[in-house]
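Engineer: Sequence first, then the predicted structure:
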Amino acid sequence: MPKSKFVDFKAVKAAITMEQVLEHYGLLDKFKRGADSLSGPCPIHKGSNPTQFRVSISKNVWNCFSECKHGGNTLDFIARMDDVSILAAANKAIEWFHLDIDEMSGDSNPEAGETSEPPRNGEVARPRPAARPAPAQENGAPNKPLQFRLDKLEREHPYLVKERGLTLETIVDFGVGFCAKGMMTGRIAIPINNAEGKVVAYAGRSIEEPTDDSPKYKLPPGFRKSQELFNLDRAIKEPTDKPLLIVEGFFDCMKIHQNGWRKVVALMGSTMSAAQEKLIRQHMTGQSHVIVMLDENEAGKFGREDIASHLSTHCFVKVHEFDTPEAEPEHLFPEDLVEILEGVR
Ligand SMILES: [Zn+2]
């Protein structure tokens, strides 16, 4: 039975403020601050009257009294500014503000569609402190390389070997392992490198069913996931005429790599951020080929269409669709992978 997948709009809305959204667009300086309000020219219809657009800080809503004659919440604002659907706006908000996506949605996490997860049908995620945005960073500022390494990671942990089917070679190759102490205690630590191959963060994968207090993935506060592509540093060392495979999650990526296709990157979610698009474009020519292989669920279908439309102006893009609902690249047999990829070359 296909699982219900959704973004909990309510939780996303509750986690971000209009001020943060305006700041994200670089607009906050243009607004005048009142006791419980912000007012300024309407950024949606690009008006000039400084009182036409008003934000109620306590209600976290906006209104344009001029041309738009419209108002709404934070997601409505993003949707109007970027001319996208509310779903796309929610996904953008999750990316921009590093919201705790495990808590917020069932479809935007790095392993959306994982079979071990109970159905979230009708479940309402409660906003909680962990779902608050990370402290604002300069827009577009790169993640800084870490000054430390997690050592003494347990490589041959049953979760990696038995549950995820990784070989010791892959485990060592990607530097992953179970962390018995420190900030990732009780989790699988997964180093994330920037394009230069420097470790910029560790993602911590829970080895148990995620709970309210323990999300599936833990990322360091302030880390901008949207600025990186997992495994990019190594994928770009592969031959330029070889297609680049784009998948969602860490484990999709490691498994595909293990199955012999090393030119693979993971979005760490089901959407491609503007920064990720830029990274891909930097390493592509007009002759390059890209294969988008996201999970076969609603989020994946949405994501792959969006990615294809963005990348197809720069290179050749093929979208892979699985025959089976809920299929994921992680679970492909090596021979099926070969068959899929051979069809592209
Ligand atoms: Zn307006």
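Structural biologist: That came through fine. Numbering: from 1, shown residues only.
Engineer: so where's this protein shaky on pLDDT?
Structural biologist: Counting by pLDDT under 70, the chain has low-confidence residues at 1-6, 100-140, 343-345.
Engineer: Show me which residues of the protein sit near the ion.
Structural biologist: Within the chain, the positions near the ion by C-beta under 5 Å from the ion are 42, 44-45, 64, 67-68. Just so you know, the C-beta spots here come from the backbone N, C-alpha and C atoms, and that holds for glycine as well.
Engineer: Could you identify the pair within those residues that is furthest apart?
Structural biologist: The span of the residues of the chain next to the ion, defined through C-beta to C-beta, is set by I44 and E67 at 8.4 Å.
Engineer: more crowded one of the two?
Structural biologist: Taking neighbours as other C-beta atoms under 10 Å, I44 and E67 compare with I44 leading, 17 against 13.
Engineer: check which helix or strand covers the more buried one.
Structural biologist: Under DSSP states H and E, no helix or strand contains I44.
Engineer: surely it meets C68?
Structural biologist: Yes. With contact defined as C-beta atoms under 8 Å, I44 counts as touching C68 (5.4 Å).
Engineer: what is in contact with the two at once?
Structural biologist: R80 (C-beta atoms under 8 Å, 6 or more residues apart in numbering).
Engineer: I86: neighbouring residues, count only.
Structural biologist: When neighbours are counted by other C-beta under 10 Å, I86 comes out with 17.
Engineer: Now it: phi and psi?
Structural biologist: Phi and psi for I86, reported as degrees, to the nearest 10, are phi -60, psi -40.
Engineer: Could you do G40 as well?
Structural biologist: Here G40 shows phi and psi, under degrees, to the nearest 10, equal to phi -180, psi -170.
Engineer: what about it, how many neighbours?
Structural biologist: Neighbours of G40 using other C-beta under 10 Å come to 22.
Engineer: for the one 3 residues further on, same thing?
Structural biologist: Residues contacting P43 under the criterion other C-beta under 10 Å number 19.
Engineer: Next, work out how far apart the nearest residue to it once chain neighbours are set aside and the ion are.
Structural biologist: Spatial nearest neighbour of P43, chain neighbours left out: L27 (5.4 Å); criterion: C-beta to C-beta, 6 or more residues apart in numbering. Distance, L27 to the ion, by C-beta to the ion, to the nearest Å: 13 Å.
Engineer: Then K278?
Structural biologist: Between K278 and the ion the distance is 30 Å, computed by C-beta to the ion.
Engineer: Make sure that residue is indeed in a helix.
Structural biologist: Yes. K278 forms part of a helix when assessed by DSSP: H, G, I helix; E, B strand; the rest coil.
Engineer: which residues touch E305?
Structural biologist: V319.
Engineer: mind checking the backbone torsions on it?
Structural biologist: phi -60, psi -40.
Engineer: how much space is there between T313 and the ion?
Structural biologist: 30 Å.
Engineer: Same check on Q147?
Structural biologist: Applying C-beta to the ion, the value for Q147 to the ion is 46 Å.
Engineer: phi, psi of that residue?
Structural biologist: According to degrees, to the nearest 10, Q147 has phi -100, psi 10.
Engineer: can you count the residues close to it?
Structural biologist: Neighbours of Q147 (other C-beta under 10 Å): 6.
Engineer: which residues does the closest residue to C42 other than its chain neighbours contact?
Structural biologist: What sits nearest to C42 in space, not counting adjacent residues and going by C-beta to C-beta, 6+ apart, is F53, at 3.9 Å. By C-beta under 8 Å, 6+ apart, the contact set of F53 is 39-44, 47, 62-66.
Engineer: In CSV, list these along with secondary structure and distance to P145.
Structural biologist: Shown next, in CSV, are those (DSSP: H, G, I helix; E, B strand; the rest coil; distance: C-beta to C-beta, whole Å):
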residue, secondary structure, distance to P145
S39, strand, 42
G40, strand, 38
P41, coil, 40
C42, coil, 41
P43, coil, 35
I44, coil, 39
G47, coil, 43
W62, strand, 38
N63, strand, 44
C64, strand, 43
F65, coil, 48
S66, coil, 47
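Engineer: Out of the residues you listed, flag the one nearest to M183.
Structural biologist: The nearest one, if we look at the contacts of F53 relative to M183 and count by C-beta to C-beta, is W62, at 37.7 Å.
Engineer: Surely that closest one is in contact with T17?
Structural biologist: No. Using C-beta under 8 Å, W62 is not in contact with T17, being 11.1 Å away.
Engineer: who has more neighbours, those two?
Structural biologist: W62 (25 against 17).
Engineer: from the chain's centre, how far out does stretch 143-155 sit?
Structural biologist: Remark: stretch 143-155 is offset 21 Å from the chain centroid, using C-alpha atoms, centre = their mean, to the nearest Å.
Engineer: cool, stretch 322-335 as well?
Structural biologist: The answer for stretch 322-335 is 20 Å, by C-alpha atoms, centre = their mean.
Engineer: now swap in stretch 164-181 and tell me
Structural biologist: 22 Å.
Engineer: okay, that stretch in CSV with CA atoms only?
Structural biologist: In CSV, the C-alpha atoms belonging to stretch 164-181 read as follows (Å, rounded to 0.1, in the frame of the first residue of the first chain):
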residue,chain,number,x,y,z
ARG,A,164,21.7,-1.2,4.9
GLY,A,165,23.8,-3.8,3.2
LEU,A,166,27.0,-1.8,2.9
THR,A,167,30.3,-3.6,2.6
LEU,A,168,33.2,-2.7,4.8
GLU,A,169,34.9,-1.2,1.7
THR,A,170,32.1,1.2,1.1
ILE,A,171,31.8,2.1,4.8
VAL,A,172,35.5,2.9,5.0
ASP,A,173,35.4,4.7,1.6
PHE,A,174,32.7,7.1,2.8
GLY,A,175,34.1,7.3,6.3
VAL,A,176,30.8,6.4,8.0
GLY,A,177,30.5,4.6,11.3
PHE,A,178,28.6,4.3,14.5
CYS,A,179,29.4,7.0,17.0
ALA,A,180,29.5,5.8,20.7
LYS,A,181,30.3,9.2,22.2
